[in-house]
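Participant: Just to be clear, the model below is a prediction. Sequence and coordinates:
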Amino acid sequence: MQGKLAGFGILSLFLIMLVPVYGEVTEFSIEKNFYTIDEGVVFVGDTDEEREQISITIVNPNGKESLLTGTVSNIQGEFETMAKSVEDSFSIIGMYELTAFTTQKDNGIKMILEFDGNSISEPTKYVLQLNSIRDKIAETETTVSFTASITDSSITNAVYNLENAPVDATIDPITGKFIWTPSKSYGSFKDVIYNFDIIVKHDNQEDRENISITVKKAYDEPVIEPNVEPVIEPNVEPVIEQTKSTVASFVDQTKDPQSYVNRYNDEPTYKEWFDENYSQYSSIYEAVGLEEPLQIPASFVDQTKDPQSYVNRYNDEPTYKEWFDENYSQYSSIYEAVGLEEPLQIPASFVDQTKDPQSYVNRYNDEPTYKEWFDENYSQYSSIYEAVGLEEPEFGICGDGTKLINGICTIIQKMIEKPWWQFW
């Protein structure tokens, strides 16, 4: 009997050793936050066993299921698939359900991806919200500084900006640090409250927080000189200007309009008088008929940083580009906003690079209307040669019988062939 039990125990142990052990998928996601239609999506995750065969199925918005891809986990139990074309795998706009599993689909991990026709991403699982910011009180010529932040610290690459803030107030679009030093021109004979919004954006979400900064009065009441009274014509009611005209009524058009701008910037009492009586104008520049100059560099630029870093963010980060284009459209480009000279495009945009660039030079030299069109529209180029990417000859245009060699028009000698009967 004991022999039978021993045999049964050995058989049971042998059967247990034959039963394979399968791991399960414990984590499953896409490698990046989103993929565009021109990219290949990569899936990553973990299993609780090494060297596991992973299968990934997909169910489209119409309910049709298919096997999307597969891979094998490494000795650490991690897996990463080959890139799978977004355009080939996601053809219908809507929600897709994906499942990663080893042997039993029911034991797999599911993930939802949304396709909008241009890209795929996981549906938003967070709420973008600014932390509350207390109102501030400031003295003139004293710096006010604080850092705006969001409630969910796991969100990265949020972009901060200001709306209706004083022109020299700045906020770092990445860190949210706000800095403003109100000059005496912001103060007056009474406390002044400045209300504005701090805005944060991430993907398609936005939140804003209104803040007010009270600037304490900077000046005492002016002393009115004796025997000086305002002159009012008899029986004429003073005219209160209600609507905006081309220039304000107080402007003497025989004077230089810049003189009014200078007074506004230099005399606090004059500034206060204008702001109280001509609030229908957006600025003193508009009231006197002048175009308001651009602030260069723009208010968001931290001048301790390399301005090229802003250009790089604009070119590399779509959300940053969208933020700049929406809030700083008065600048012709990101280069102008940060104070850099915009590089020339060589060859110019009108050049078809499948054509011989010399053909454009020939048209410029032979067709007056083409020359006039080029000179009017591409004056940023020093010549037609620079615009099409050719080296300009040192001594003008090469004529018949010459050829451009090392930048110099050189005469080409040709052998004159004679008929056979003229050889003697």
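Facilitator: Alright, I've got the coordinates.

Participant: Next, the distance between the ends of stretch 68-85.
Facilitator: Counting by C-alpha to C-alpha, to the nearest Å, you get 11 Å between the two ends of stretch 68-85.

Participant: Please state the offset of that stretch from the chain centre?
Facilitator: Offset of stretch 68-85 from its chain centre (C-alpha atoms, centre = their mean, to the nearest Å): 34 Å.

Participant: repeat for stretch 30-46
Facilitator: 23 Å.

Participant: Which residues does it contact?
Facilitator: With contact meaning C-beta atoms under 8 Å, 6 or more residues apart in numbering, stretch 30-46 is reached by 25-29, 54, 56, 69, 71, 73, 77-87, 89-90, 98, 100, 109, 111, 113, 117-122. Using the backbone N, CA and C atoms, a C-beta is placed for each residue, glycine as well.

Participant: among those, which are in strands?
Facilitator: 25-29, 54, 56, 69, 71, 78-80, 84-85, 98, 100, 109, 111, 113, 119-121 (DSSP state E).

Participant: Any of those buried? List them.
Facilitator: 25, 28, 54, 56, 69, 71, 79, 84, 98, 100, 109, 111, 113, 119-120 (16 or more other C-beta atoms under 10 Å).

Participant: Near Lys355, how many other residues are there?
Facilitator: Lys355: 10 surrounding residues under other C-beta atoms under 10 Å.

Participant: circling back: of the buried ones among the ones in strands among the contacts of stretch 30-46, closest to Tyr328?
Facilitator: Closest approach between those and Tyr328, by C-beta to C-beta: Ser119, at 25.5 Å.

Participant: who's in contact with the closest one?
Facilitator: Counting by C-beta under 8 Å, 6+ apart, Ser119 makes contact with 34-37, 86.

Participant: still on that earlier bit, now, among the buried ones among the ones in strands among the contacts of stretch 30-46, which is nearest to Gln280?
Facilitator: For those, the nearest to Gln280 is Ser119 (45.1 Å; C-beta to C-beta).

Participant: what are the ranges of the strands in the stretch 301-424 of the chain?
Facilitator: In the stretch 301-424 of the chain, the strands defined using DSSP state E, counting those that start in this stretch lie at 402-405, 408-411.

Participant: mind giving me the domain split of the chain?
Facilitator: 25-121, 136-215 (automatic domain parsing).

Participant: Pick the one among the buried ones among the ones in strands among the contacts of stretch 30-46 closest to Gln295.
Facilitator: Ser119 (35.3 Å).

Participant: re earlier: and the domains of the chain: which comes nearest Pro393?
Facilitator: domain 25-121 (42.8 Å).

Participant: could you pull out the helices for the stretch 301-424 of the chain?
Facilitator: 307-316, 318-327, 334-338, 357-366, 368-377, 384-388 (DSSP state H, counting those that start in this stretch).

Participant: Turn these into JSON lines, including distance to Tyr126.
Facilitator: Listed next are those as JSON lines, based on distance: least, C-beta to C-beta, whole Å:
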{"stretch": "helix 307-316", "distance to Tyr126": "23"}
{"stretch": "helix 318-327", "distance to Tyr126": "15"}
{"stretch": "helix 334-338", "distance to Tyr126": "29"}
{"stretch": "helix 357-366", "distance to Tyr126": "52"}
{"stretch": "helix 368-377", "distance to Tyr126": "48"}
{"stretch": "helix 384-388", "distance to Tyr126": "49"}
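
Participant: Give me the below-cutoff pLDDT ranges for the stretch 51-200 of the chain.
Facilitator: 125, 187-189 (pLDDT under 70).

Participant: Let me have the helices of the stretch 301-424 of the chain in JSON lines, extended by distance to Lys217 and mean pLDDT.
Facilitator: Compiled in JSON lines, those are given as follows (distance: least, C-beta to C-beta, whole Å; pLDDT from 0 to 100):
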{"stretch": "helix 307-316", "distance to Lys217": "37", "mean pLDDT": "90"}
{"stretch": "helix 318-327", "distance to Lys217": "31", "mean pLDDT": "89"}
{"stretch": "helix 334-338", "distance to Lys217": "34", "mean pLDDT": "88"}
{"stretch": "helix 357-366", "distance to Lys217": "65", "mean pLDDT": "92"}
{"stretch": "helix 368-377", "distance to Lys217": "54", "mean pLDDT": "92"}
{"stretch": "helix 384-388", "distance to Lys217": "58", "mean pLDDT": "90"}
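
Participant: export those to TSV and tack on distance to Glu139 and mean neighbour count?
Facilitator: Output for the helices of the stretch 301-424 of the chain, formatted as TSV (distance: least, C-beta to C-beta, whole Å; neighbours: other C-beta atoms under 10 Å):
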stretch	distance to Glu139	mean neighbour count
helix 307-316	32	15
helix 318-327	29	15
helix 334-338	31	20
helix 357-366	62	15
helix 368-377	53	12
helix 384-388	55	21
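
Participant: following the helix or strand hosting Asp207, which helix or strand comes up?
Facilitator: For Asp207, the host element (DSSP states H and E) is strand 205-215. Per DSSP H and E, the first helix or strand lying C-terminal to strand 205-215 is helix 257-266.

Participant: Contacts for that following helix next, please.
Facilitator: In contact with helix 257-266 (C-beta under 8 Å, 6+ apart) are residues 185, 247, 251, 270-271, 274, 284-285, 287-290.

Participant: Next, the residue lying closest to Glu292 once chain neighbours are set aside: phi, psi?
Facilitator: Leaving aside its sequence neighbours, Glu292 sits nearest to Tyr285 (C-beta to C-beta, 6 or more residues apart in numbering; 4.0 Å). Note on Tyr285: its backbone torsions stand at phi -60, psi -50 [degrees, to the nearest 10].

Participant: so who does Tyr285 touch?
Facilitator: 261, 291-293 are the contacts of Tyr285 under C-beta under 8 Å, 6+ apart.

Participant: Let's have the residues you listed in TSV, adding pLDDT.
Facilitator: Listed next are the contacts of Tyr285 as TSV, based on pLDDT from 0 to 100:
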residue	pLDDT
Val261	88
Glu291	82
Glu292	80
Pro293	82
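
Participant: how about the residues you listed, which pair is most distant?
Facilitator: Longest span within the contacts of Tyr285, C-beta to C-beta: Val261 and Glu291, 11.3 Å.

Participant: In terms of neighbours, single out the busier of these two.
Facilitator: Val261 (18 against 7).

Participant: got a list of what Ile92 touches?
Facilitator: Contacts of Ile92 (C-beta under 8 Å, 6+ apart): 60-62, 115.

Participant: was I right about Phe374 contacting Val361?
Facilitator: No: the criterion here is C-beta atoms under 8 Å, and Phe374 misses it with Val361 at 10.4 Å.
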